[in-house]
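> Build me a model from this:
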Amino acid sequence: MSEFSSVIDLNVGGVIYTTTLKTLISHPNSKLYGIFTGAEPVEKDSKGRFFLDRDGVLFRYVLDFLRDGTIILPYCFREKERLKNEAEKLLLQGLVEAITSENRIKPPGVITLGYRGSFQFGKDGLADVKFRKLSRILVSGRVALCREVFGETLNESRDPDHGQSERYTSRFFLKHSFLEQAFDMLVEQGFKLVGSCGSGTAGGSSDLKPGVDAEENRWNHYNEFVFVRE
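Numbering: from 1, shown residues only. The predicted model follows:
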């Protein structure tokens, strides 16, 4: 072990880390223990740093686990399977179990999605109809839960109290208008659809705003979907 100093500079897939030898060998059955006790070979980069050909960004979570034996992943972390794969490659069974456990333990809650839509028509009217036109997907529910599910796709700009998390809001919307993408994100986080309702197309006869197509306005509708995680 004489080759290794007490403080180690690492190049992991191009991302540079500095940690201690004690941290790297804290799990005797791991691949890192084998490397940094001299039992397995390790390469160095052009600046003399030890080089590991692994995912450099995800390695930060590996180091967190090595330091204190626990892991706290951020809200909306969508690379758990990749991190689990890294843990398996490094023979860190404790980290694999921690990731699996976090996948199971998720707080229950309800999120409601709503959207106002229409059918978009072309120059030839019905013959050139394009399926569903959505102006905006609205999100209602507990703030922390909405952030967990939708992450960077959640737009909080209309919410005057967006700095708080332990509360409920009906003023969020998504930065995209792909309803199925929102559904996928909810399903990935363990939610199930339990109810929905819609206004149906009405053919309203009220005065239209300038620029609004009369035929398209006939097909305006509003729908809501309720998702629950138990």
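
> Tell me which residues touch residue 67, please.
23, 26 (Cβ atoms under 8 Å, 6 or more residues apart in numbering). (C-beta placed from N, C-alpha, C; glycine too.)

> So it: helix, strand or coil?
helix (DSSP: H, G, I helix; E, B strand; the rest coil).

> Same check on residue 17?
Looking at residue 17 with three-state DSSP, the answer is strand.

> Bridging across strands, which residues link to it?
residue 10 (DSSP bridges).

> tally of neighbours for it?
17 (other Cβ atoms under 10 Å).

> what residues are up against it?
Contacts of residue 17 by Cβ under 8 Å, 6+ apart are 9, 10, 59, 60, 63.

> Same question for the lengthiest helix in the chain: list its buried residues.
Criterion DSSP state H: the longest helix present in the chain is helix 93-104. Residues 94, 95, 96, 98, 99 are the ones in helix 93-104 that count as buried (16 or more other Cβ atoms under 10 Å).

> Okay, the third one and residue 196: tell me how far apart.
Which is residue 96. 38 Å (Cβ to Cβ, to the nearest Å).

> Name the residues that touch stretch 172-182?
By Cβ under 8 Å, 6+ apart, stretch 172-182 touches 113, 115, 132, 134-140, 143, 146, 150, 152-156, 158-159.

> Go again with 6 Å.
Here stretch 172-182 makes contact (Cβ atoms under 6 Å, 6 or more residues apart in numbering) with 113, 134, 136, 137, 138, 139, 146, 153, 154, 155, 156.
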